[in-house]
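**Q** Could you look at this predicted model? Sequence included:
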Amino acid sequence: MLSDTSITHPTVSLGCGPVQIGPLPWDVCTFNYDGVISSFIAVIATLAVGFWLRSQLRYGEPTKVQAILEWGYDLLRSLIKTNVSEDALFIIPLAMTLFLYILVANWIEFLPLGFVPILHGANADLNQTLAMGIIVFVVVEWYSIRVLGFVGFLRRFTKPFELPVVARVIFIPLNLIEELTKPVTLSMRLFGNIFAGAAIIGLIIGFGTLNLPIGGPVPGVIAGTILLGIWKAFDVLFIGFIQAFIFMLLTVVYFSAAREGLEHEHQ
């Protein structure tokens, strides 16, 4: 994990020491145990939701939950067939699992996690979102090599393909940077939105502790409770869903980009 996370997260170390990887030190043997516990709770909750969804499936007489699931499945399947390929339907379980896990991890914040110091929204930890981004990145690169071949995979980094070969060489560093930053931007987008929402919740809770000249702490508590309910309804319910959907959508888009150059290869 990034060593600077120890500033704001309680950690436990296995005593291996930091390892310098690029410009940043990574302490591979130090863990933010609050993040690990929060992620574990999110995993258990996601499994529970998954088993509950499975129990709602009926043959011949679909339930309302099953109808919604089939509608979402058909939309995702159509999206992948249109933008990636008909032979890339293996993306469906990956994309749906990421969507469900991120959604459940976000909606858990409806619970008063602030009363337990070691608990927070799982996606408010960059280590978790970066791990999911790296998983997507690795699978996308594997898919690109499988579809294009190793030579075609390398050729992707010389786009735009319409230019002469000599002119395309100068675009290689830019294309490499674009590819390598995909897991970073994917993870930072999710982390930034969820962390910002949690920070605002902390500010609203602080507002509720104000001791006003008239009425003492009671008006602050009432106003803080109302504001907290409104903000959670917007941030956790709506923004939490949107961020899970965007992560899933960008995953499909990255798989589509992994096929770039295939048409030119055939031509």
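**A** Okay, I see it. Residues are numbered from 1 along each chain as shown.
**Q** Output the below-cut-off pLDDT ranges for the stretch 51-200 of the chain.
**A** 112-117 (pLDDT under 70).
**Q** What ranges does it have for its strands?
**A** In the stretch 51-200 of the chain, no strands are defined using DSSP state E, counting those that start in this stretch.
**Q** just the helices in the stretch 151-267 of the chain please.
**A** 165-168, 172-180, 182-207, 218-232, 240-257, 262-266 (DSSP state H, counting those that start in this stretch).
**Q** what's the spacing between residue 105 and residue 56?
**A** 21 Å (C-beta to C-beta, to the nearest Å). Backbone N, C-alpha and C define where each C-beta goes, glycine included.
**Q** With neighbour numbers in mind, choose between the two.
**A** More crowded of residue 105 and residue 56, by other C-beta atoms under 10 Å: residue 105, with 26 against 14.
**Q** pretty sure the more buried one is in contact with residue 122, am I right?
**A** Yes. Look at residue 105 against residue 122 with C-beta atoms under 8 Å: they come within range, at 4.2 Å.
**Q** Mutual contacts of these two, please.
**A** 39, 42 (C-beta atoms under 8 Å, 6 or more residues apart in numbering).
**Q** For stretch 54-71, measure first residue to last.
**A** Its start and end residues considered, stretch 54-71 measures 15 Å (C-alpha to C-alpha, to the nearest Å).
**Q** Would you mark the buried spots in that stretch?
**A** Neighbour counts using 16 or more other C-beta atoms under 10 Å place residue 69 of stretch 54-71 among the buried residues.
**Q** Ok, stretch 168-187 next?
**A** So for stretch 168-187, counting by 16+ other C-beta under 10 Å, buried means 168, 175, 179, 182, 183, 186, 187.
**Q** again with stretch 145-156
**A** For stretch 145-156, the neighbour count (16+ other C-beta under 10 Å) marks 145, 147, 148, 152, 153, 155, 156 as buried.
**Q** ok, so of those residues, who is nearest residue 132?
**A** residue 145 (21.1 Å; C-beta to C-beta).
**Q** Would you indicate which residues of stretch 199-207 are buried?
**A** For stretch 199-207, by 16+ other C-beta under 10 Å, it's 201, 204.
**Q** quick one on the thing from earlier: Serialize the helices of the stretch 151-267 of the chain to a markdown table and add fields for distance to residue 118.
**A** What follows is the helices of the stretch 151-267 of the chain, written out as a markdown table (distance: least, C-beta to C-beta, whole Å):
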| stretch | distance to residue 118 |
| --- | --- |
| helix 165-168 | 51 |
| helix 172-180 | 33 |
| helix 182-207 | 14 |
| helix 218-232 | 21 |
| helix 240-257 | 21 |
| helix 262-266 | 48 |
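**Q** And those: which comes nearest residue 11?
**A** For residue 11, the closest of these is helix 182-207, at 18.0 Å, according to C-beta to C-beta.
**Q** Tell me if I'm right that residue 187 and residue 132 touch.
**A** Yes. Judged on C-beta under 8 Å, residue 187 makes contact with residue 132 at a distance of 6.7 Å.
**Q** Any idea how many residues pack against residue 248?
**A** By other C-beta under 10 Å, the residues close to residue 248 number 23.
**Q** Could I get the contacting residues of it?
**A** 76, 95, 96, 98, 99, 102.
**Q** The fifth one and residue 53, how far apart?
**A** Applying C-beta to C-beta, the value for residue 99 to residue 53 is 12 Å.
**Q** Then the second one?
**A** Here residue 95 is placed at a distance of 16 Å from residue 53 (C-beta to C-beta).
**Q** State the distance from residue 179 to residue 171.
**A** Distance of residue 179 to residue 171, computed by C-beta to C-beta: 12 Å.
**Q** that older thread, more crowded one of residue 99 and residue 53?
**A** Neighbours per residue (other C-beta under 10 Å) separate residue 99 from residue 53, with residue 99 holding more: 20 against 14.
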